[in-house]
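A.B. asks: Return a 3D structure for these sequence lines:
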Amino acid sequence: MVVGAGPSGILLALLLARQGITVTVVEKSTEYDKQPRASFYSYPATFEFKRAGIYDEVAACAFHGRGVSWRYLDGTKIASLPTGIKRKEAEIISLPLDELIPLIASHLEREPSAKILLGHEVLASGQDEDHAWIDVRSSAGEQRLKASYLVGADGGSSKIRHDLFGKNFPGRTWDKQIVATNVRYPGLEKAGWETSSNFMVHPEHFHMVARMTNDNLLRVTYAEQVNLTRDEMLARQPGQFKAILPGSPGPNEYELINFSPYKIHQRLAEQMRVGRILLVADAAHLCNPFGGMGLTGGFADVGGAYDCLYGIYAGRADDSILDKYNDVRREKYTTIIDPISSSNIRRLWDPEAIEKDEFIQMLHRAETDKDVAYEMAGGATAVMHDFTQYYDKVVPVSS
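C.D. replies: The predicted structure is shown next:
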């Protein structure tokens with residue numbers, strides 16, 4: 001049973017259902033998430049899309065990115081990730097979540113062993129020796145649902161994590177305010193920027209501008225003053241766009257689709273496995289959005305949880321493999337996701353240090369060193385892990 005019908009929960013359910021495993025997805029909302037959240041998918045995501053049998057459909061709908069650059073506020077390029085590297089691990093595609101989630105759900109709905117329960121709020125969760133369970137409330141009333149295993153994929157404010165650990169969610173909150181928006185604006189093309197994703201370095205106006213779709217829908221995530229109300233931030237949005245977007249557009253030159261202010265965190269749950277209960281993605285860990293490490297790490301969690309649960313179902317592993325899941329996924333967050341994502345945001349507000357930044361210097365080396373460029377192009381694979389190596393009989397993982 002999976003709680004949460006976000007991208008991680010619904011994809012995990014599809015992977016399991018494709019193996020004939022009975023799986024129920026329980027979601028509090030009566031519709032799928034339409035907020036302007038992460039929508040860029042690197043190799044850990046596309047790998048799982050292929051295993052779930054949906055990659056071709058996602059790729060046909062998606063925007064295929066053309067590189068990543070770091071720039072000063074006036075648009076001057078500092079450095080870029082190597083582009084044109086012939087390595088499958090280098091691919092980055094984009095599809096907004098309000099398109100991706102229904103696409104995955106449409107496949108899940110056709111699986112005879114799967115069920116999606118929207119409009120079901122989890123009131124409590126727990127486990128005994130034989131089952132994990134949740135008490136839910138829906139329009140039909142209250143009931144208890146049981147399963148062999150329960151996966152909390154219910155986001156940063158996870159009810160499942162709260163039931164396990166209370167308010168304890170170790171880590172920190174950045175003393176920064178950011179605003180995530182989706183906006184339709186052709187300014188990147190007019191500016192002549194050769195890369196579709198761009199990180200802008202400035203102590204006050206640090207931000208990200210990235211094209212998400214083939215019709216010039218952009219993700220613009222920008223810094224804002226702290227301690228403002230949502231209405232105050234919304235009132236300041238036209239001025240912010242004029243200051244940060246290429247071409248300094250006025251409100252009549254773009255279409256604002258979504259506007260979502262939020263605080264940013266770096267946090268990791270005490271454990272990602274407690275008995276029959278697992279945590280994945282934002283329910284297990286959080287990081288700032290600059291660089292996409294949160295979504296990338298979340299999909300790597302999904303692949304790991306799938307391999308472990310399938311191994312148990314198929315009789316190729318006992319449930320001690322879930323301890324491996326806990327240990328490895330927490331280690332990946334601590335040693336890769338947290339430090340890289342923290343460095344990603346810090347370098348954006350320090351233009352004085354950017355040229356001396358080790359990562360930026362490596363990008364410069366990659367411009368002339370093909371080996372460095374090739375290595376950097378596959379960097380996202382570091383968050384992945386093959387749990388089938390712990391099966392009694394190893395099952396090959398398709399690529």
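A.B. asks: so where does residue 263 fall, helix or strand?
C.D. replies: Per DSSP states H and E, residue 263 falls inside strand 255-268.
A.B. asks: In this structure residue 133 contacts residue 145, no?
C.D. replies: Yes - with contacts counted by Cβ atoms under 8 Å, residue 133 reaches residue 145, the gap being 6.5 Å. Using the backbone N, CA and C atoms, a C-beta is placed for each residue, glycine as well.
A.B. asks: still on that earlier bit, parallel or antiparallel, list what pairs with the following helix or strand past the strand holding residue 263.
C.D. replies: Where DSSP H and E defines the elements, the next helix or strand beyond strand 255-268 is strand 273-274. Strand 273-274 has the following strand partners under DSSP bridges: strand 277-279 (antiparallel).
A.B. asks: Dead centre of the chain: give me the residue that sits there.
C.D. replies: The chain has residue 295 as the residue nearest its centroid, 1.3 Å off, counting by Cα atoms, centre = their mean.
A.B. asks: From residue 84, how far off is residue 211?
C.D. replies: According to Cβ to Cβ, to the nearest Å, residue 211 stands 18 Å off from residue 84.
A.B. asks: end-to-end on stretch 237-250?
C.D. replies: Using Cα to Cα, to the nearest Å, the end-to-end distance of stretch 237-250 comes to 10 Å.
A.B. asks: ok so, going back, paired strands for the strand holding residue 263, with orientation please.
C.D. replies: Partners of strand 255-268 in its sheet, by DSSP bridges: strand 171-184 (antiparallel), strand 285-286 (antiparallel).
A.B. asks: Not counting sequence-adjacent ones, nearest residue to residue 273?
C.D. replies: residue 326 (3.9 Å; Cβ to Cβ, 6 or more residues apart in numbering).
A.B. asks: again, but for residue 226
C.D. replies: Residue 226's closest residue in space is residue 177 (Cβ to Cβ, 6+ apart), at 4.7 Å.
A.B. asks: The one you found reaches residue 221, doesn't it?
C.D. replies: No - assessed by Cβ under 8 Å, residue 177 is found out of contact with residue 221, at 11.4 Å.
A.B. asks: neighbour-wise, which of these two wins?
C.D. replies: More neighbours surround residue 221 than the other of residue 177 and residue 221, with 23 against 17 (other Cβ atoms under 10 Å).
A.B. asks: Can you give me the distance of that one to residue 264?
C.D. replies: Between residue 221 and residue 264 the computed distance is 10 Å (Cβ to Cβ).
A.B. asks: and if you look at residue 72?
C.D. replies: As for residue 72, its distance to residue 264 is 23 Å (criterion: Cβ to Cβ).
A.B. asks: Who has more neighbours out of these two?
C.D. replies: Of the pair residue 72 and residue 264, residue 264 is the one with more neighbours under other Cβ under 10 Å, namely 20 against 13.
A.B. asks: Quick check: that one vs residue 277, distance?
C.D. replies: The spacing between residue 264 and residue 277, counted by Cβ to Cβ, is 27 Å.
A.B. asks: repeat for residue 268
C.D. replies: Relative to residue 277, and taking Cβ to Cβ, residue 268 is found at 16 Å.
A.B. asks: So in terms of bridging, what pairs with the residue nearest to residue 226?
C.D. replies: residue 224, residue 263.
A.B. asks: likewise residue 136?
C.D. replies: Beta-bridge partners, per DSSP bridges, of residue 136: residue 122, residue 143.
A.B. asks: quick one, what contacts it?
C.D. replies: Shown in contact with residue 136 (Cβ atoms under 8 Å, 6 or more residues apart in numbering): 26, 117, 120, 121, 122, 123, 142, 143, 144, 145.
A.B. asks: Can you turn the buried part of the residues you listed into a PyMOL selection?
C.D. replies: Listed next is the PyMOL selection for buried residues among the contacts of residue 136, using 16 or more other Cβ atoms under 10 Å:
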select buried, resi 26+117+120+122+145
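A.B. asks: of the contacts of residue 136, closest to residue 258?
C.D. replies: residue 121 (24.3 Å; Cβ to Cβ).
A.B. asks: So the closest one sits against residue 134, correct?
C.D. replies: No - taking contacts as Cβ under 8 Å, residue 121 lies outside contact range of residue 134: 9.9 Å.
A.B. asks: So, low pLDDT: which residues of the protein?
C.D. replies: Across the chain, the stretches falling below the confidence threshold (pLDDT under 70) are 35-38, 393-399.
A.B. asks: residue ranges for the helices of it, please.
C.D. replies: 7-17, 43-52, 55-61, 97-108, 159-165, 187-191, 230-244, 293-313, 321-332, 338-346, 358-366, 370-377 (DSSP state H).
A.B. asks: between those, which gets nearest to residue 391?
C.D. replies: Comparing the helices of the chain by Cβ to Cβ, helix 293-313 comes nearest, at 5.2 Å.
A.B. asks: In CSV, could you pull the C-alpha coordinates for the closest one?
C.D. replies: Extracted in CSV, the C-alpha atoms of helix 293-313 (Å, rounded to 0.1, in the frame of the first residue of the first chain):
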residue,chain,number,x,y,z
MET,A,293,18.4,16.7,-6.3
GLY,A,294,15.2,16.2,-4.4
LEU,A,295,13.2,14.8,-7.3
THR,A,296,16.3,12.8,-8.6
GLY,A,297,16.8,11.3,-5.1
GLY,A,298,13.2,10.6,-4.8
PHE,A,299,13.0,8.5,-8.0
ALA,A,300,16.2,6.7,-6.9
ASP,A,301,14.3,5.8,-3.6
VAL,A,302,11.5,4.5,-5.7
GLY,A,303,13.7,2.3,-7.7
GLY,A,304,15.4,0.9,-4.6
ALA,A,305,12.1,0.4,-2.8
TYR,A,306,10.7,-1.4,-5.8
ASP,A,307,13.7,-3.8,-6.1
CYS,A,308,13.5,-4.6,-2.4
LEU,A,309,9.7,-5.2,-2.3
TYR,A,310,9.8,-7.2,-5.5
GLY,A,311,12.7,-9.3,-4.2
ILE,A,312,10.6,-10.2,-1.1
TYR,A,313,7.5,-10.9,-3.2
